[in-house]
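In: Below are the sequence and a predicted model for it; my questions follow.
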Amino acid sequence: MSRGTNWWLVCALSLEFLALGVWVGGLIVLVGAVIPAVFNTFGGQDSGGFFLTRTFEGFNRLVVAALATMVVTMGYRWWSREPAAQVSRAEVGVVAIMGLIAGLIILVLHPKAAALQAEAFALQDEQARKAAFEAFFRLHMPIRSLYMVNLGLGLALLVIKAKRSLHREGVPT
């Protein structure tokens with residue numbers, strides 16, 4: 001492997017780890033710190049709910065950037081044909097599933113949930129508002145579940161990459 005190729009592969013792998021760190025770390029921070037802080041700080045459900053909707057929209061943009069980074073860098077590693085940087089089927093499979101889940105959330109489910117939430121907040125009649133919130137929470141439950149599945153897949157991808165790294169170093173895994 002030439003010195004230039006080595007440098008590009010180091011950059012590609014570093015970007016992959018950074019993207020995966022944003023994906024996994026961002027979700028851990030949102031679930032573990034931001035959500036509890038919002039509902040323990042903001043005065044009402046409306047302001048806290050709108051804040052979290054906007055926060056997850058920002059996170060979703062980061063996820064798109066992270067996914068694009070992972071796909072491009074994995075493509076570069078595959079194109080380089082360098083044995084030490086080969087792309088495994090497991091990596092491709094996990095990233096593909098993560099991308100499909102993220103696409104489902106970002107393009108289909110989140111916009112519907114945001115619309116239901118805005119509708120519920122706008123209603124004045126208590127019965128109608130309660131019904132709208134029930135519809136919102138029915139849709140929001142699978143979204144939360146899919147975020148957790150994607151978190152698990154991101155952690156699995158980290159394990160796959162760690163095992164590969166240890167294997168290359170001759171450490172039995």
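Out: Yep, that arrived.

In: so what does whatever helix or strand Ile143 lives in touch, helix or strand wise?
Out: Applying DSSP states H and E as the criterion places Ile143 in helix 126-168. Counting contacts by 3 or more Cβ pairs under 8 Å, 6 or more residues apart in numbering; DSSP states H and E, helix 126-168 is packed against helix 3-29, helix 89-103, helix 110-122. C-betas here are computed from N, CA, C, even on glycine.

In: name the helices or strands packed onto the first one?
Out: Contacts of helix 3-29 with other secondary structure elements, assessed using 3+ Cβ pairs under 8 Å, 6+ apart, are made with helix 45-80, helix 126-168.

In: Could you give me the buried positions within it?
Out: For helix 3-29, the neighbour count (16 or more other Cβ atoms under 10 Å) marks 8-9, 12-13, 15-16, 19-20, 22-24, 26-27 as buried.

In: Now flag whichever of those is closest to Phe59.
Out: Distance to Phe59 across the buried residues of helix 3-29 (Cβ to Cβ) is lowest for Gly26, with 5.5 Å.

In: before we move on, back to that, could you dump the helices and strands packed on helix 126-168 to JSON lines with distance to Phe56 and mean pLDDT?
Out: Output for the helices and strands packed on helix 126-168, formatted as JSON lines (distance: least, Cβ to Cβ, whole Å; pLDDT from 0 to 100):
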{"stretch": "helix 3-29", "distance to Phe56": "10", "mean pLDDT": "90"}
{"stretch": "helix 89-103", "distance to Phe56": "12", "mean pLDDT": "97"}
{"stretch": "helix 110-122", "distance to Phe56": "7", "mean pLDDT": "92"}
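
In: okay if I get those as JSON lines plus distance to Arg81?
Out: Converted to JSON lines, the helices and strands packed on helix 126-168 look like this (distance: least, Cβ to Cβ, whole Å):
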{"stretch": "helix 3-29", "distance to Arg81": "10"}
{"stretch": "helix 89-103", "distance to Arg81": "16"}
{"stretch": "helix 110-122", "distance to Arg81": "38"}
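
In: If you drop the residues flanking it in sequence, what lies closest to the most centrally placed residue in the chain?
Out: In the chain, the residue lying closest to the centroid (Cα atoms, centre = their mean) is Trp23, at 4.3 Å. Leaving aside its sequence neighbours, Trp23 sits nearest to Ala66 (Cβ to Cβ, 6 or more residues apart in numbering; 4.6 Å).
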